[in-house]
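Visitor: Show me how the following folds:
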Amino acid sequence: MSSAETGLAREELDAALAALDAAADGPTARHLNACVRCGLCGQSCHVYLGEPDPRNLPVAKAEKVARLYRRRKTLLGRIAPRLVGADDIDARTLAALTDAVFGRCTGCGRCGLHCSIGLDVSAVIRAGRRVVQAAGRVPVGLQRTVDNQIQTGNQMAITRDEFLATCSWLSEDLAREAGTPEAKVRVDEQGARALYLVNPREVKFFPLSLQAAAGIFHAAGESWTMSSNVYDVTNYGFFAADDQAAGELARRVVQEAHRLGVSEIILSECGHGFRAFRWEGPAWLGAPYKLPVRSVLEVVDEYLADGRIKVDPALTTDRVTLHDPCNLVRWGGISEPQRRILKRACTDFVEMTPNHEHNFCCGGGGGMLSMEEYGERRVKSGRVKADQIRATGATVVACPCHNCADQLIELSRVYELGVDIKAVVEIVYDALVR
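Guide: Residues are numbered from 1 along each chain as shown. Below is the predicted model:
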């Protein structure tokens, strides 16, 4: 088809086709046309369970990508496209693809755990996102967030002055609580042992999370610092399937860690931020990191095990349950540190059902929170998580991810759960024996 026939500019069509070819020629190819359409994936998908529309079935979403693959890469798809359900890339199919891979899927990967043939639906969805991204059709809110990170250094476009002002008043509060000026949010300290990255939401809307982490670091006698230039743990290039932007954001962190002379990078409670930097970053950069990278959950768990901090569970008497962020647990492999921490810091900790890697996505992942056009669908998809929380009888949800926390706060309001959403470091800080 010509560019005029597709309704796309020549460069948009060429870029989309190149992205499709890359997916079809790589390891994802074996998943692109393997689905047996049993439909079992529907019972694994929070989007489908929250709104049982056939378009929300994981197989239906993956099929939007597979139809393009068959047209481009199979003989029958080229000579008899209608017979095998094959589509050309054009403005219409790109719009449908965008709705499927951005608007109906968070890429949580739960369906892949329960697929009868082991199909990696999330890999297919990611291939679809790459096609959309290459054609310049990423949803506006998500693209704006990526642009903010590249242009300003953080996803919320917080100015350096605002960041430093927040760190200053948080330091004043910490110093009063600890009774020493040494308890503070440390910034731009050359030669500290660890560089700490946070979600900018901690600076803008959830400063208690940053204060709690700083208080824990002080109690443990940690040598740490943040950077006023590079402090954003999130990576919306990952959500947008923009590997160039994602790699640039990871590169900036590595360069800043080198400039400050640290020996470790610690990532705050952010599910996709952990996955993107810890596991995807080396692939984007084409080389392994020279410094260790850990979640703050691993670090705090170590502090407790080594006796560097002590907690009194009697200070946390509310029933606490734990949300498992998909990118941290299912994709990132961090599931036990937070559980060991909460069992030490709480008197009444209960699990959701199911839990660990089988837990349901809250509905806020995949960049959903930045895409206003899908807001109603996002909240409907969270009904499964709301039911999970309600069944525990908990009044506090420990949530080691700020994107998830935003979604859970909204779910608590909409579904009248009446629960408090707290970062794990907040619960630990409240239980600290000072």
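
Visitor: And for Cys361, the neighbour number?
Guide: 30 (other CB atoms under 10 Å). Backbone N, C-alpha and C define where each C-beta goes, glycine included.

Visitor: Doesn't Ser171 lie inside a strand?
Guide: No: applying DSSP: H, G, I helix; E, B strand; the rest coil, one finds Ser171 to be helix, outside a strand.

Visitor: Quick one: residues contacting it.
Guide: The contact partners of Ser171, taken as CB atoms under 8 Å, 6 or more residues apart in numbering, are 183-185, 214.

Visitor: how about 6 Å then?
Guide: The contact partners of Ser171, by CB atoms under 6 Å, 6 or more residues apart in numbering, come to 184-185.

Visitor: Distance-wise, check the residue in the chain sticking out farthest from the centre relative to Arg71.
Guide: The outermost residue of the chain, judged against the average C-alpha position, is Ile79 (41.0 Å), by CA atoms, centre = their mean. Applying CB to CB, to the nearest Å, the value for Ile79 to Arg71 is 11 Å.

Visitor: what's the answer for Ala165, then?
Guide: 55 Å.

Visitor: could you pull out the helices for the stretch 101-250 of the chain?
Guide: Residue ranges of the helices in the stretch 101-250 of the chain, as given by DSSP state H, counting those that start in this stretch, are 110-113, 121-134, 140-152, 160-178, 200-204, 207-220, 236-239, 243-260.

Visitor: Contacts only, for the closest residue to Met156 other than its chain neighbours.
Guide: Sequence neighbours aside, Pro200 is the residue nearest to Met156 in space, at 4.3 Å (criterion: CB to CB, 6 or more residues apart in numbering). Applying CB under 6 Å, 6+ apart to Pro200 gives the contacts 154-156, 158, 232.

Visitor: Ok, Met368 next?
Guide: Residues 106, 378 are the ones in contact with Met368 under the rule CB under 6 Å, 6+ apart.

Visitor: 10 Å - rerun?
Guide: Residues near Met368 by CB atoms under 10 Å, 6 or more residues apart in numbering: 47, 102-103, 105-107, 139, 141-142, 239, 361-362, 374-375, 377-379, 381-382, 403, 406-407.

Visitor: Can you tell me the centre-most residue of this protein?
Guide: Nearest to the chain centroid, counting by CA atoms, centre = their mean: His272, 2.5 Å.

Visitor: ok, which stretches of the chain are strands?
Guide: Using DSSP state E, the strands of the chain run over residues 194-197, 224-225, 264-267, 293-295, 320-322, 349-350, 396-398, 420-422.

Visitor: With distance to Leu249, mean pLDDT and mean neighbour count as extra columns, can I get those strands in CSV?
Guide: CSV is the format used below for those (distance: least, CB to CB, whole Å; pLDDT from 0 to 100; neighbours: other CB atoms under 10 Å):
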stretch, distance to Leu249, mean pLDDT, mean neighbour count
strand 194-197, 11, 98, 25
strand 224-225, 19, 98, 22
strand 264-267, 13, 98, 23
strand 293-295, 14, 98, 22
strand 320-322, 28, 98, 25
strand 349-350, 35, 98, 19
strand 396-398, 27, 98, 25
strand 420-422, 26, 98, 21
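
Visitor: rewinding a little: mind putting the contacts of Pro200 into a markdown table with distance to Ala219?
Guide: Formatted as a markdown table, the contacts of Pro200 follow (distance: CB to CB, whole Å):
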| residue | distance to Ala219 |
| --- | --- |
| Asn154 | 27 |
| Gln155 | 29 |
| Met156 | 29 |
| Ile158 | 27 |
| Asp232 | 25 |
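
Visitor: Adding distance to Arg259, neighbour count and pLDDT as columns, could you present the residues you listed in CSV?
Guide: Output for these, formatted as CSV (distance: CB to CB, whole Å; neighbours: other CB atoms under 10 Å; pLDDT from 0 to 100):
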residue, distance to Arg259, neighbour count, pLDDT
Asn154, 17, 25, 96
Gln155, 22, 24, 95
Met156, 23, 17, 95
Ile158, 20, 19, 96
Asp232, 16, 25, 98
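
Visitor: Find the residues that touch each one of Ile79 and Arg71.
Guide: With CB under 10 Å, 6+ apart, Ile79 and Arg71 have common neighbours Ala86.

Visitor: Touching, the residue nearest to the centre of the chain and Phe239? I think so.
Guide: Yes: with contact defined as CB atoms under 10 Å, His272 counts as touching Phe239 (6.8 Å).

Visitor: Between the two, which contacts overlap?
Guide: Contacts common to His272 and Phe239, judged by CB under 10 Å, 6+ apart, are 106-107, 365-367, 403.

Visitor: out of the residues you listed, what pair is the most spread apart?
Guide: Gly107 and Asn403 (12.6 Å; CB to CB).

Visitor: Identify the contacts common to the two.
Guide: The contact lists of Gly107 and Asn403 share 239, 272, 327, 365-368, where a contact means CB under 10 Å, 6+ apart.

Visitor: Need the distance between the two termini of stretch 177-191.
Guide: One end of stretch 177-191 sits 26 Å from the other (CA to CA, to the nearest Å).

Visitor: Next, the buried residues of that stretch.
Guide: For stretch 177-191, a neighbour-count test (16 or more other CB atoms under 10 Å) marks 178, 183-187 as buried.

Visitor: circling back: can you add distance to Ile309 and pLDDT and give the shared contacts of Gly107 and Asn403 back as CSV?
Guide: Shown next, in CSV, are these (distance: CB to CB, whole Å; pLDDT from 0 to 100):
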residue, distance to Ile309, pLDDT
Phe239, 34, 98
His272, 27, 97
Asn327, 27, 97
Gly365, 30, 95
Gly366, 34, 96
Gly367, 35, 96
Met368, 35, 96
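
Visitor: want to try a markdown table for these, with distance to Ala96 as columns?
Guide: Output for the shared contacts of Gly107 and Asn403, formatted as a markdown table (distance: CB to CB, whole Å):
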| residue | distance to Ala96 |
| --- | --- |
| Phe239 | 20 |
| His272 | 25 |
| Asn327 | 26 |
| Gly365 | 22 |
| Gly366 | 18 |
| Gly367 | 18 |
| Met368 | 18 |
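
Visitor: Would you check which pair of these lies furthest apart?
Guide: Asn327 and Met368 (12.8 Å).

Visitor: between these two, what contacts are shared?
Guide: With CB under 10 Å, 6+ apart as the test, Asn327 and Met368 both reach 106-107, 361, 403.

Visitor: where does the stretch 101-250 of the chain dip in pLDDT?
Guide: The stretch 101-250 of the chain contains no residues with pLDDT under 70.
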